[in-house]
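1. sharing a model prediction with you, sequence too.
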Amino acid sequence: MTEEFAGLQPEEEADVASARESPDARSDARSDARSDARSDASPDTSHDAWRDTSPDPPPGAGIARRRLRIGVVLTALLVAIFVVATDLSVPDAIGLSLFLVAFPAIAWAQLPLMTEEVLERIPVYLGSILSISLLGLLGLGLGVWGFEPADLGLVGLEIGPLVGWIVAITAGALLLGKLTEPLDKAIHGGPHPILLQLLPRTPREKGVFAGLSLVAGWGEEIAYRGYVPAALLLLVADPWLAMGIAALAFGGLHAYQGGIGVVRTALMGFLLGVPVVLTGSILPGMVAHALVDLIAGFVLGPRILRRAGVPLEPQDGL
């Protein structure tokens, strides 16, 4: 022991030793203390902590992803078959594959997600307006690029036959809906739950739904009664067969309505294609399609909701 520590008690020796520590050691000690304090006060941002507190994905998300992958594979396979084994141009091979497989597959993939959440009608309507508009523009663009307007049904009719066809198709579509009601009741206890959610209730919802009905009247008809049958006629000789194939894909596009709804919509699609085959005009189907949707939303919808015990909202704050 050195002389300067001689005669000191142990505690005093420790104090003197601490006082004689180097400045660097004291600085390190203070830095460690501040670091510990910040560590205690800061939230845990490690990957494990984030993973533990993040919400789990909806159960249907995995099913939706698998269905999308199946749709991508089938679409790519169909494009390859069309390009290699037929005389279709590459744009028509891609376009036809999108309408026949890809778009129905997207609708099929969305179904598990739609069944797990409460749907907000106006956002769904607006999203459908956008998607159907794009679908119609795609069909129109491909049709104008590779076909004559008459091949797409873009020809006029005299007023008498036009009105007659509109009335006949509209009545037939409404009758078809009535005839399939018992099947919906037997399977779902009434209309499909998703379809029931999507029926408009308030004035504002009905206004947006009216716009959706008009867009569906031209967009879906241009695509599935105009372009798709015209492109299929490059592969098959029978216009009724081409219209039937298009109707099946059109039914798949409405997977949200359930199995009965898909069959009903496919049959309705074929019905809407009858005047195209017999008169060469798509106009009756366009008008009838919009009318059927408007009647479903404004006339039949309130009755269906009342029977299901769903309260209607006469005002929506506007």
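-> Structure received. Please read all numbers here as calculations on a predicted model, not as lab measurements.
2. next, give phi and psi for the closest residue in space to Gly190 that isn't next to it in sequence.
-> Spatial nearest neighbour of Gly190, excluding adjacent residues (CB to CB, 6 or more residues apart in numbering): Ala308 at 5.8 Å. From N, CA and C alone the C-beta is placed, and that goes for glycine too. Backbone torsions of Ala308, given as degrees, to the nearest 10, read phi -80, psi 0.
3. what about the closest residue to Ser89 other than its chain neighbours, how many residues nearby?
-> Nearest non-adjacent residue to Ser89, counting by CB to CB, 6+ apart: Gly146, 6.5 Å away. Neighbour count of Gly146, defined by other CB atoms under 10 Å: 18.
4. just Ala237 next, same as before
-> Ala237 has 8 neighbours, counted by other CB under 10 Å.
5. mind checking the SS state of it?
-> Per DSSP: H, G, I helix; E, B strand; the rest coil, the secondary structure class of Ala237 is coil.
6. list the contacts for Leu135?
-> Neighbouring residues of Leu135 by CB atoms under 8 Å, 6 or more residues apart in numbering: Phe103, Gly219, Glu220, Ala223.
7. how far away is the last one from Gly285?
-> Taken as CB to CB, to the nearest Å, the spacing of Ala223 relative to Gly285 amounts to 12 Å.
8. one more: the second one?
-> Gly219 sits at a distance of 12 Å from Gly285 (criterion: CB to CB).
9. and the contacts of Leu135, which is closest to Val208?
-> Relative to Val208, the closest of those is Gly219; by CB to CB it sits at 15.6 Å.
10. just the residues contacting the helix or strand Ala216 falls within, thanks.
-> Under the criterion of DSSP states H and E, Ala216 resides in helix 203-221. Residues from elsewhere that reach helix 203-221 (CB under 8 Å, 6+ apart): 121-122, 125-126, 128-129, 132-133, 135-137, 139, 200, 250, 253, 272, 282, 285-287, 289-291, 293-294, 297-298, 314-316, 318.
11. can I get the buried part of these as one PyMOL selection?
-> One line in PyMOL is enough to select the buried members of the contacts of helix 203-221, burial here meaning 16 or more other CB atoms under 10 Å:
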select buried, resi 121+125+128+129+132+135+136+139+200+250+253+272+282+285+286+287+289+290+291+293+294+297
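12. filter the contacts of helix 203-221 down to just the ones in strands.
-> Using DSSP state E to define strands, no part of the contacts of helix 203-221 is located there.
13. list the contacts for Leu233?
-> Neighbour list for Leu233: Asp151, Pro239, Ala242 [criterion: CB under 8 Å, 6+ apart].
14. quick one: buried ones out of the residues you listed?
-> Listed as buried from these are Asp151, Pro239, Ala242; burial here means 16+ other CB under 10 Å.
15. export the residues you listed to a markdown table and tack on pLDDT?
-> Formatted as a markdown table, the buried ones among the contacts of Leu233 follow (pLDDT from 0 to 100):
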| residue | pLDDT |
| --- | --- |
| Asp151 | 96 |
| Pro239 | 97 |
| Ala242 | 98 |
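16. how near is Ala171 to Pro229?
-> Ala171 is 23 Å from Pro229, where distance means CB to CB.
17. higher neighbour count, the two?
-> Pro229 (26 against 12).
18. show me the strands in the protein, by range?
-> Using DSSP E, the chain contains no strands.
19. name the spans of it whose pLDDT lies under the cut-off.
-> Residue ranges of the chain with pLDDT under 70: 1-58, 116, 313-318.
20. if I pick Ala105, what's in contact with it?
-> Contacts of Ala105 (CB under 8 Å, 6+ apart): Arg67, Leu68, Ile70, Gly71, Val72, Leu74, Thr75, Gly252.
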